[in-house]
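Novice: Please find the sequence and the predicted model below.
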Amino acid sequence: MGTWAATSRHGDRAAEFRGWRSVFADGEATLEHVLTYAWGDTIVLVMVERQHGRVGEQPDQNISLRVTHVYRRVDGDWLLVHRHADPLVSSVSPGELSALLRR
């Protein structure tokens with residue numbers, strides 16, 4: 001997919017993020033491609049970010065996300081114009097659901 005570029009409406013904000021301290025630690029992440037939709041100058045990628053790690057003082061936990069990225073081609077460059085992410089929901093058996101509802 002071409003180079004990344006900032007448009008005149010959106011300046012380079014990298015300096016704003018330098019020095020931020022992350023609350024994430026001791027984890028791993030992989031990216032799983034699920035689907036691609038493409039038409040004209042638009043591409044939509046559906047992915048799963050499988051990841052785990054510690055958040056703050058919490059123990060290691062699954063923090064995987066279902067992610068959608070929308071890219072548009074502008075003057076030959078592919079720009080990320082939208083990102084949506086939701087926590088990845090795991091399947092729950094009827095027995096587990098029943099136990100949760102009894103709490």
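Specialist: Done, it's in. Numbers count the residues shown, from 1 in each chain.
Novice: elements contacting the longest strand along the chain?
Specialist: In the chain, assigned by DSSP state E, the strand with the most residues is strand 24-39. Counting contacts by 3 or more CB pairs under 8 Å, 6 or more residues apart in numbering; DSSP states H and E, strand 24-39 is packed against strand 42-55. The C-beta positions use only the backbone N, C-alpha and C, and glycine is treated the same way.
Novice: So in that sheet, which strands flank the strand it packs on, and in what orientation?
Specialist: Partners of strand 42-55 in the sheet, by DSSP bridges, are strand 24-39 (antiparallel), strand 61-62 (antiparallel), strand 65-74 (antiparallel).
Novice: Can you classify Leu100 by secondary structure?
Specialist: For Leu100, the assignment made with DSSP: H, G, I helix; E, B strand; the rest coil gives helix.
Novice: ok, now which ones touch it?
Specialist: With contact set as CB atoms under 8 Å, 6 or more residues apart in numbering, Leu100 has these partners: Val92.
Novice: now do 7 Å
Specialist: Counting by CB atoms under 7 Å, 6 or more residues apart in numbering, Leu100 makes contact with nothing.
Novice: how close does it sit to Leu79?
Specialist: Counting by CB to CB, to the nearest Å, the separation of Leu100 from Leu79 is 42 Å.
Novice: Over to Ile43?
Specialist: Counting by CB to CB - Ile43 and Leu79 are separated by 11 Å.
Novice: Check Gln51 too.
Specialist: Distance from Gln51 to Leu79, by CB to CB: 25 Å.
Novice: same deal with Thr36?
Specialist: Distance of Thr36 to Leu79, given as CB to CB: 17 Å.
Novice: On the strand side of things, show who the residue nearest to the spatial centre of the chain bridges to.
Specialist: Centroid-nearest residue in the chain, with CA atoms, centre = their mean: Val67, separated by 4.6 Å. On the basis of DSSP bridges, Val67 is bridged to Met47, Ala85.
Novice: so what's it up against?
Specialist: Under the criterion of CB under 7 Å, 6+ apart, the neighbours of Val67 are Met47, Glu49, Arg83, Ala85.
Novice: I appreciate the help and will end here.
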